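# model the structure of this input:
(2 chains)
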Amino acid sequence: GQQLNQSPQSMFIQEGEDVSMNCTSSSIFNTWLWYKQEPGEGPVLLIALYKAGELTSNGRLTAQFGITRKDSFLNISASIPSDVGIYFCAGPGGTSYGKLTFGQGTILTVHP
Amino acid sequence: GAGVSQTPSNKVTEKGKYVELRCDPISGHTALYWYRQSLGQGPEFLIYFQGTGAADDSGLPNDRFFAVRPEGSVSTLKIQRTERGDSAVYLCASSSTPGNTEAFFGQGTRLTVV
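Just a heads-up that it's a prediction; the model follows:
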């Protein structure tokens, strides 16, 4: 089946630093989604990408849909303590619209 | 409601028992999904409903797992003869239309089988 690999697995950064993480797929995706999950909560959608090469921002977050359609990147600028959480990439898996395949997540820790 | 609501938030059960997990999707959302998340992993797809019918149940691990959505809104995930390996967070999500991949998740039910 389709697999999504996220890197890095974890990051420890200082407040104010920029963050970059990426996600690669074994197959082509037509949609890329980035979610953030905090302890005890479900994932929250941050950014959705629908077109190869697309660059989309949401506040300090910017995500890009890779040209090969097999990768995506998420950048966070000027990190703050509330950015702490697990960031997941996801994309539609198989022929079912509702079936999302998730990466294993990038754990972000921000030191004040 | 304002968001996806799942009850209970925590459930501890003994091995071999039967459990039901409930999901109340966002009002008007026709598509509903169940996922399972083990510690340190991303959510894994279980089943997807379009209205009252299960459009894709390929993620259900075995026949001990079953889900229903009889009136096209609230859904119940049912697990029979629970095993310790069933311990996980069970997440429900909904989206406005079946083709809309922008799903909104509930806070999950943490199931612990002892």
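# report how many residues lie close to the residue lying closest to residue A:4 once chain neighbours are set aside.
Among residues not flanking residue A:4 along the chain, residue A:103 sits closest, at 3.9 Å (Cβ to Cβ, 6 or more residues apart in numbering or on different chains). (C-beta placed from N, C-alpha, C; glycine too.) Counted with other Cβ atoms under 10 Å in any protein chain shown, residues neighbouring residue A:103 total 25.
# same check on residue A:78?
Neighbours of residue A:78 under the rule other Cβ under 10 Å: 11.
# correct me if wrong: it contacts residue A:18.
Yes - shown here, residue A:78 and residue A:18 form a contact pair, counting by Cβ atoms under 8 Å, at 6.9 Å.
# give me the distance from stretch B:44-55 to the chain's centre.
Relative to the chain's own centre, stretch B:44-55 is displaced by 9 Å; criterion: Cα atoms, centre = their mean, to the nearest Å.
# give the buried residues for it.
B:44, B:45, B:46, B:47, B:48, B:49, B:50, B:54, B:55 (16 or more other Cβ atoms under 10 Å in any protein chain shown).
# need the contact partners of that stretch.
A:93, A:96-102, B:30-38, B:56-61, B:65, B:67, B:69-72, B:75, B:77, B:90, B:98 (Cβ atoms under 8 Å, 6 or more residues apart in numbering or on different chains).
# make it 6 Å
The contact list for stretch B:44-55 (Cβ atoms under 6 Å, 6 or more residues apart in numbering or on different chains) reads A:96, A:98-99, B:30-36, B:56-57, B:59-60, B:67, B:69, B:72, B:98.
# report the buried members of these.
Buried among these by 16+ other Cβ under 10 Å: A:96, A:98-99, B:30-36, B:56-57, B:59-60, B:67, B:69, B:98.
# hmm, back to that, determine which two of the buried residues of stretch B:44-55 are furthest apart.
B:44 and B:50 (19.8 Å; Cβ to Cβ).
# please, where are all the strands along the chain?
Reading this off chain A. A:4-7, A:10-14, A:19-25, A:32-37, A:44-49, A:55-58, A:61-65, A:71-76, A:85-92, A:100-102, A:106-111 (DSSP state E).
# switch to chain B, that's the one I care about
Going by DSSP E, chain B shows strands at B:5-7, B:10-13, B:19-24, B:31-37, B:44-50, B:53-56, B:65-68, B:75-79, B:88-95, B:104-105, B:109-113.
# residue A:9: which of those is closest?
strand B:31-37 (16.2 Å).
# what's across from residue 34 in the sheet?
Since no chain was named, I'll use chain A. Beta bridges link residue A:34 to residue A:47, residue A:89 when assigned by DSSP bridges.
# that's the wrong chain, I meant chain B
With DSSP bridges as the rule, residue B:34 is bridged to residue B:47, residue B:92.
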